[in-house]
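Engineer: prediction below, plus the sequence it came from.
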Amino acid sequence: MHTPAMLSEVLDLLRPKPGERFIDATVGFGGHAEALAARLVPGGCLLGLDCDEEALAAARTRLGNLGGQVELVHGNFRDIAEHAARAGFSGADGVLFDLGVSSFQVDTARRGFSFAVEGPLDMRMDASGGTPAAELIRRISAPELERILREYGEERFARRIARAIVERRRELRTTRDLAALIERVVPWRERRIHPATRCYQALRIATNDELGALEGALATLPRWLGPQGRVAIISWHSLEDRIVKQAFRAYERAGVVSVVTRKPVRPSAEEVEANPRSRSARLRVAERSL
């Protein structure tokens, strides 16, 4: 069973109550949604969004016993305002975003997110559309690829890696093809982590336009978060966290929200020990003004 990150912190800070309307903008396998929905009864309801149809199918199974209390929708959270309006949630009492890639996506070879397993170089969170990572690197120029690796992966060998990829890109079809090329370009002695780690993060972000989707969702916050409603966002790397922090501060200066967490909340030592992948999580929360 999928274990949701920082569940107790999310529940404590979002404070779901019976009769309220909540949105889980990244419902995934339904771990957070299940716990939130349980606190909304009687009379409350939850709208769950996800762009990954496989995750939604698993969530439907997990949440099936909740019946009409939960509505699940296939869609990107960049369009959260439209999804919320259609479902009558345009003044939600609480909203959760758990950003980044899920353990299921990383561990499923055919999804192509990980260099640790052999699979097609895909990386799409929404496999029903969009451009796979393999096609992306075949189309773009070396300077644009360098920018992606430098900005999204904070990769200091971005130029060297980008040039190597462009020279050999017709040969790069699988996750291991790309990882092996990066291993040759960046010696292991230069790294504390696998040399492909930052590149894979960068390509995944670019393939799914993850930062653009986050900025798009936050730009419409007044349309989907109701008065005194709270929004909680779990980020998994500094680029996401910076966007959330800056958006919350800008809305606070404008009198739209008050920031609840001045510093990001981190997972407990116990959680990190039980789930090492949670160590990168950062949780920020803001509350809508009246």
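Structural biologist: Perfect, thanks for sending it. Residues are numbered from 1 along each chain as shown.
Engineer: give me the nearest residue to residue 252, chain neighbours excluded.
Structural biologist: The shortest distance from residue 252 to any non-neighbouring residue, by CB to CB, 6 or more residues apart in numbering, is to residue 259 (5.3 Å). To be clear about C-beta, it is placed using only N, CA and C from the backbone, and glycine gets the same treatment.
Engineer: show me the contacts for that neighbour.
Structural biologist: If a contact means CB atoms under 8 Å, 6 or more residues apart in numbering, then residue 259 has 248-249, 252, 284-286 as its contacts.
Engineer: look up the pLDDT of the nearest residue to residue 208 once chain neighbours are set aside for me, please.
Structural biologist: Closest residue to residue 208 apart from its sequence neighbours, by CB to CB, 6+ apart: residue 125 at 5.0 Å. Listed pLDDT for residue 125 reads 95.
Engineer: burial check on residue 125, number of neighbours?
Structural biologist: Neighbour count of residue 125, defined by other CB atoms under 10 Å: 24.
Engineer: give me the distance between it and residue 133.
Structural biologist: Distance of residue 125 to residue 133, given as CB to CB, to the nearest Å: 11 Å.
Engineer: for residue 54, same thing?
Structural biologist: 18 Å.
Engineer: so those two - more neighbours on which side?
Structural biologist: residue 133 (23 against 16).
Engineer: the more buried one contacts residue 208, correct?
Structural biologist: No: here residue 133 does not reach residue 208: they are 9.4 Å apart, not a contact under CB atoms under 8 Å.
Engineer: overlap in contacts of these two?
Structural biologist: By the contact definition CB under 8 Å, 6+ apart, residue 133 and residue 208 are jointly contacted by 123-124.
Engineer: so where is the stretch 101-250 of the chain shaky, pLDDT-wise?
Structural biologist: For the stretch 101-250 of the chain, applying pLDDT under 70 flags the ranges 189-191.
Engineer: per-domain residue ranges of the chain.
Structural biologist: Listed by automatic domain parsing, the domain ranges of the chain are 7-102+210-288, 104-208.
Engineer: residues contacting the spatially most central residue of the chain?
Structural biologist: Most central in the chain under CA atoms, centre = their mean is residue 99, positioned 2.1 Å from the mean C-alpha point. By CB under 8 Å, 6+ apart, the contact set of residue 99 is 26, 210, 214, 233-236, 240.
Engineer: buried members of those residues into ChimeraX, please.
Structural biologist: In ChimeraX, a selection of the buried entries from those looks like this (16 or more other CB atoms under 10 Å):
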select :26,210,214,233,234,235,236,240
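Engineer: so the spatially closest residue to residue 13 that is not a sequence neighbour is in which element?
Structural biologist: Once flanking residues are discounted, residue 13 sits nearest to residue 285: 4.7 Å by CB to CB, 6+ apart. Using DSSP states H and E, residue 285 maps to strand 282-288.
Engineer: repeat for residue 95
Structural biologist: Going by DSSP H and E, residue 95 is in strand 92-98.
Engineer: ditto for residue 207
Structural biologist: Using DSSP H and E, residue 207 sits in helix 197-208.
Engineer: which stretches of the stretch 51-200 of the chain form helices?
Structural biologist: For the stretch 51-200 of the chain, the helices defined by DSSP state H, counting those that start in this stretch occupy 53-63, 80-86, 103-107, 133-139, 142-153, 158-168, 175-185, 197-208.
Engineer: winner for burial among the ones you listed?
Structural biologist: Of all the helices of the stretch 51-200 of the chain, helix 197-208 carries the top mean neighbour count, a mean of 23, counting by mean count of other CB atoms under 10 Å.
Engineer: ok, residues contacting the next helix or strand after it?
Structural biologist: Counting by DSSP H and E, the element after helix 197-208 in chain order, helix or strand, is helix 210-219. In this structure, residues lying in contact with helix 210-219 by CB under 8 Å, 6+ apart are 25, 76-81, 97, 99-100, 152, 204-205, 239-240, 243-244, 247.
Engineer: list the buried residues for helix 210-219?
Structural biologist: Within helix 210-219, the residues scored as buried using 16+ other CB under 10 Å are 210-211, 213-214, 216-218.
Engineer: distance check, residue 213 against residue 205.
Structural biologist: In terms of CB to CB, residue 213 sits 10 Å off from residue 205.
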